[in-house]
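Engineer: structure, please.
(chains A and B)
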Amino acid sequence: AQKITQTQPGMFVQEKEAVTLDCTYDTSDPSYGLFWYKQPSSGEMIFLIYQGSYDQQNATEGRYSLNFQKARKSANLVISASQLGDSAMYFCAMREDFTGNQFYFGTGTSLTVIP
Amino acid sequence: EAGVVQSPRYKIIEKKQPVAFWCNPISGHNTLYWYRQNLGQGPELLIRYENEEAVDDSQLPKDRFSAERLKGVDSTLKIQPAELGDSAVYLCASSLDGGLNTEAFFGQGTRLTVV
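Structural biologist: Below you'll find the model as predicted:
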């Protein structure tokens, strides 16, 4: 079974609007971490935000916030006030204690910001 | 502070030829990862090092792939002989340690094309 599922291959958003990128995960480990990375066309993966399984509050980093719903096993990324530079691939990833803390990545969502 | 440096950025080789990729992680980062990213997919782990020890190489195709991390700093990933299916982007990443909440920093990757 896939550990990380991203069901939106491509998304479009108007500049200055907010957008939500979906991510669901699968683990039986009570201790895990969830990450979002941005991959622009240059190829480098850029870390955006982290959420720990025991964190009580949703993580926020500037315009990025993570909508963490533990019971649903979802960790959606919300980007507020979209900018043209936000156009990129976005990957959700998970680390879990069971598997030695390697990163499992989803298939990604391509976000295009429209002027 | 310099990020993760990879070379070359691009490589085109004929099948059955050998190829090597080099990675210089962020100074002080003990954990180093090699990932392979196929077109339209998320990165998949090939090997993970803690200092100079390969602690997870279960997904490395050992019949043709090899890796080393001498002195626990730079790392080299080799393919010999290359096959058409090896065409992908090879990403190197490093993190301070293998902790659950520690993000990984990625290089820009080496895009390999096998013809």
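Engineer: worst-scoring helix or strand of chain A, pLDDT-wise?
Structural biologist: Using mean pLDDT, DSSP states H and E, strand A:104-105 stands out as the lowest-scoring helix or strand of chain A, at a mean of 93.
Engineer: mind listing what the closest residue to chain B within chain A touches?
Structural biologist: Chain B sits closest to A:Phe105 of chain A, with a gap of 3.2 Å, by Cβ to the nearest Cβ. No exception for glycine: its C-beta is placed from N, CA and C like everyone else's. By Cβ atoms under 8 Å, 6 or more residues apart in numbering or on different chains, the residues touching A:Phe105 are A:Ile4, A:Tyr37, A:Phe91, A:Cys92, A:Ala93, B:Gly42, B:Pro43, B:Glu44.
Engineer: so A:Ala75 bridges to which residues?
Structural biologist: Per DSSP bridges, the residues bridged to A:Ala75 are A:Phe68.
Engineer: can you get me a residue count around it?
Structural biologist: A:Ala75 has 27 neighbours, counted by other Cβ atoms under 10 Å in any protein chain shown.
Engineer: and residue 3, what's its pLDDT?
Structural biologist: As the question left the chain open, I've gone with chain A. Listed pLDDT for A:Lys3 reads 92.
Engineer: oops, chain B please
Structural biologist: B:Gly3 is assigned 92 on the pLDDT scale.
Engineer: equivalent analysis for A:Gln56, please.
Structural biologist: pLDDT at A:Gln56 comes out at 91.
Engineer: then it would be within a helix, right?
Structural biologist: No: per DSSP: H, G, I helix; E, B strand; the rest coil, A:Gln56 lies outside any helix segment and is coil.
Engineer: which one of the contacts of A:Phe105 is nearest B:Lys71?
Structural biologist: Nearest to B:Lys71 among these is B:Pro43, at 25.4 Å by Cβ to Cβ.
Engineer: got the contact list for that closest one?
Structural biologist: A:Met45, A:Phe91, A:Phe103, A:Phe105, B:Tyr35, B:Arg36, B:Gln37, B:Leu91.
Engineer: for chain B, give me the ranges with low pLDDT.
Structural biologist: Counting by pLDDT under 70, chain B has low-confidence residues at B:1.
Engineer: 80 - rerun?
Structural biologist: Residues of chain B meeting the criterion pLDDT under 80: B:1-2, B:98.
Engineer: ok so, going back, show me which pair in the contacts of B:Pro43 is furthest apart.
Structural biologist: Spatially, the most separated pair among the contacts of B:Pro43 is A:Phe91 and B:Arg36, at 14.2 Å (Cβ to Cβ).
Engineer: among the two, which residue is more densely surrounded?
Structural biologist: Between A:Phe91 and B:Arg36, counted using other Cβ under 10 Å, the more crowded position is A:Phe91 (27 against 21).
Engineer: quick one: list the elements packing against the next helix or strand after the least confident helix or strand of chain A.
Structural biologist: Note on strand A:104-105: by DSSP states H and E, the next helix or strand toward the C-terminus is strand A:109-114. If contacts are counted by 3 or more Cβ pairs under 8 Å, 6 or more residues apart in numbering or on different chains; DSSP states H and E, strand A:109-114 sits against strand A:10-14, strand A:19-21, strand A:88-96.
Engineer: show the contacting residues for A:Ser82.
Structural biologist: Residues counted as contacts of A:Ser82 (Cβ under 8 Å, 6+ apart) are A:Val13, A:Gln14, A:Glu15, A:Lys16, A:Glu17, A:Ala18, A:Val19, A:Val113.
Engineer: now render those as JSON lines, adding distance to A:Asp55, pLDDT and neighbour count.
Structural biologist: Converted to JSON lines, the contacts of A:Ser82 look like this (distance: Cβ to Cβ, whole Å; pLDDT from 0 to 100; neighbours: other Cβ atoms under 10 Å in any protein chain shown):
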{"residue": "A:Val13", "distance to A:Asp55": "27", "pLDDT": "97", "neighbour count": "18"}
{"residue": "A:Gln14", "distance to A:Asp55": "31", "pLDDT": "97", "neighbour count": "11"}
{"residue": "A:Glu15", "distance to A:Asp55": "31", "pLDDT": "97", "neighbour count": "12"}
{"residue": "A:Lys16", "distance to A:Asp55": "29", "pLDDT": "97", "neighbour count": "11"}
{"residue": "A:Glu17", "distance to A:Asp55": "27", "pLDDT": "98", "neighbour count": "12"}
{"residue": "A:Ala18", "distance to A:Asp55": "22", "pLDDT": "98", "neighbour count": "13"}
{"residue": "A:Val19", "distance to A:Asp55": "23", "pLDDT": "98", "neighbour count": "19"}
{"residue": "A:Val113", "distance to A:Asp55": "29", "pLDDT": "98", "neighbour count": "20"}
